[in-house]
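1. only geometry, no sequence info:
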């Protein structure tokens, strides 16, 4: 097959100058057969299974990176929601399960392991309650464990008792990790309509409908999209959308070939490819800067939601054309602390909390990596979660909240999480109380359009 | 199995000679070469056949990269799969 000279160099430029990379290869591992009456035995099985299946994940990832010449930034693991596994035991606290996950992750050399999770959209089982109550301690004691809770869906409605509880859990997590700018909350995400095959952290877990073991891949490339748009400065928006689609196609193809090769070499089935424009704090790797390239003076001003809607949709279309295995979240992420352009937009006052909420109705996830004052009441955090869950529930989409009430800090301060998690100015939230609403508890029933059968 | 070698840098005497010398030592056959000046840089691309290569891929890659740093240019080798996947429907 003949490849043109300039196409070769285009690919190289994407990798070297525009930060095209494979953001993560995430191995999903089912732990369903690890449940045991004895918690100790269950944890031993969990450790043995993870370290057996994932022993070559990192070395194979590095081998492919070297041969294909494309960076693979993270190697990660997602496991069955621990609440399902641990509930067979009579343990009253699941922190020890988190410690075992952390130890296994360290042993195989992955930087994050997701699945310290519970699915409670319609109610709590015994294990769900214990797991959720163990989250603050688990995240403060471990380094690599990520936790998620799904508390709403279009089919089940919103579990408002869980919404209330999570406000408290997030505050406790912030307090227990107060010596590290409340970083525990950066590893905790609350979902509406969580997907079972998402390879991105902190929300990755291995759904019960998934196979025994699977490789899911997350690709990124906001820089590639931005520079593709730089070529058509004044083109109409349908041309812009077309450009985004073509670029997304190429990025997806890169991810698919890497994913299939990893899966072949490990002898593990290939699951999905998640094409998400996932930004990093690096210059040239920002979703906000794409929106500004389309014509906004600063991300967050009027028109931002429309630009983001087009971007998110065009990314999906290009991805779907490129591969039949597109899944996960696929779209554009809008994390604040992890996106250089978003950080600048918040600092300049262009991007506010309320605008971010509006943007989440058209992006692929939700309120992500937002630092708020440490003295924000639990009920306000719960109300933020409720709003976000409602957007997901009504629009049949995944929404999430990953918010950090940074202990001891307030508006005007900046918080530094380091690495891919980046840094963020503390953003103000509304001061009026939502407490009475949150204290009602109960559930918000599923919307009328969920009754499709 | 095919690889693509790309060279970017300032033009000078002996680039192709030195690269093909390494390829000969490793028993790697050159199937296609093209070169051009892009944005004032000399760029060259080679498609090579790695089927009968007498060493590990990493060894070849390291030798080419070492040569690149000696000559003050960038020499890379990658499997062609990535390019095919991204640039062909």
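-> Done, it's in. Remember, predicted model here, so these are calculated numbers, not experimental data.
2. got the residues of chain A near chain B?
-> Counting by C-beta under 8 Å from any C-beta of the partner chain, the residues of chain A close to chain B are A:1, A:3-12, A:66-70, A:250-251, A:253-254, A:256-258, A:261. Every C-beta, even on glycine, is put in place using the N, C-alpha and C of the backbone.
3. let's see 7 Å
-> A:1, A:3, A:5, A:7-9, A:11-12, A:66-70, A:250, A:253-254, A:256-257 (C-beta under 7 Å from any C-beta of the partner chain).
4. Can you flag the buried ones in those residues?
-> A:3, A:5, A:7-9, A:11-12, A:66-70, A:250, A:253-254, A:256-257 (16 or more other C-beta atoms under 10 Å in any protein chain shown).
5. Quick one: mark the members of the residues you listed that sit in helices.
-> With DSSP state H as the criterion, helices contain A:5, A:7-9, A:11-12, A:66-68, A:250, A:253-254, A:256-257 from among these.
6. Put together TSV for those, with pLDDT and distance to residue A:367 on each row.
-> Below are those laid out as TSV (pLDDT from 0 to 100; distance: C-beta to C-beta, whole Å):
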residue	pLDDT	distance to residue A:367
A:5	78	45
A:7	84	39
A:8	85	41
A:9	84	39
A:11	86	35
A:12	85	36
A:66	93	38
A:67	93	39
A:68	92	35
A:250	90	30
A:253	91	31
A:254	90	29
A:256	92	30
A:257	92	33
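7. ok, the residues you listed vs residue A:441, which is closest?
-> residue A:256 (44.9 Å; C-beta to C-beta).
8. OK, contacts around the closest residue to the closest one other than its chain neighbours?
-> Among residues not flanking residue A:256 along the chain, residue A:323 sits closest, at 4.5 Å (C-beta to C-beta, 6 or more residues apart in numbering or on different chains). Residue A:323 is in contact with A:252, A:256, A:273, counting by C-beta atoms under 7 Å, 6 or more residues apart in numbering or on different chains.
9. Cross-check the contact I'm expecting between the second one and residue A:274.
-> No. Distance between residue A:256 and residue A:274: 11.1 Å, which falls outside the contact criterion (C-beta atoms under 7 Å).
10. for chain A, what are the nearby residues on chain B?
-> B:4, B:6, B:34, B:36, B:38, B:43, B:45, B:57-58, B:61, B:76, B:78-79, B:81-88.
11. Now a PyMOL select for only the buried ones of those.
-> Buried members of these, defined by 16+ other C-beta under 10 Å, are picked up in PyMOL with:
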select buried, chain B and resi 4+6+43+45+57+61+76+78+79+81+82+83+85+86+87
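12. Please list the members of the residues of chain B next to chain A that lie in helices.
-> Among the residues of chain B next to chain A, the members found in helices (DSSP H) are B:57, B:58, B:61, B:81, B:82, B:83, B:84, B:85, B:86, B:87.
13. Who are the contact partners of the second one?
-> With contact set as C-beta under 7 Å, 6+ apart, residue B:58 has these partners: residue A:66.
14. And for the first one?
-> By C-beta under 7 Å, 6+ apart, residue B:57 lies in contact with residue A:67.
15. one more time with 10 Å
-> A:63, A:66, A:67, B:1, B:3, B:26, B:50, B:77, B:78, B:79 (C-beta atoms under 10 Å, 6 or more residues apart in numbering or on different chains).
16. Skipping its backbone neighbours, what lies nearest the residue in chain A positioned nearest to chain B in space?
-> In chain A, the residue that lies nearest chain B is residue A:69 (3.4 Å; C-beta to the nearest C-beta). Using C-beta to C-beta, 6+ apart and skipping the chain neighbours, the partner closest in space to residue A:69 is residue B:78 (3.4 Å).
17. Mind listing the shared neighbours of residue A:256 and residue A:274?
-> A:217, A:219, A:319, A:325, A:326.
18. Can you list which of these are found in helices?
-> For the shared contacts of residue A:256 and residue A:274, membership in helices holds for residue A:319, with DSSP H as the criterion.
19. any low-confidence regions in chain A?
-> Applying pLDDT under 70 to chain A flags the ranges A:1-3.
20. Confirm residue A:365 sits in a strand?
-> No. According to DSSP: H, G, I helix; E, B strand; the rest coil, residue A:365 belongs to no strand; its state is coil.
21. which residues touch residue A:190?
-> A:147-152, A:162-163, A:166-167, A:169-170, A:203, A:366-367, A:381-382, A:384-385, A:388-389, A:399-403.
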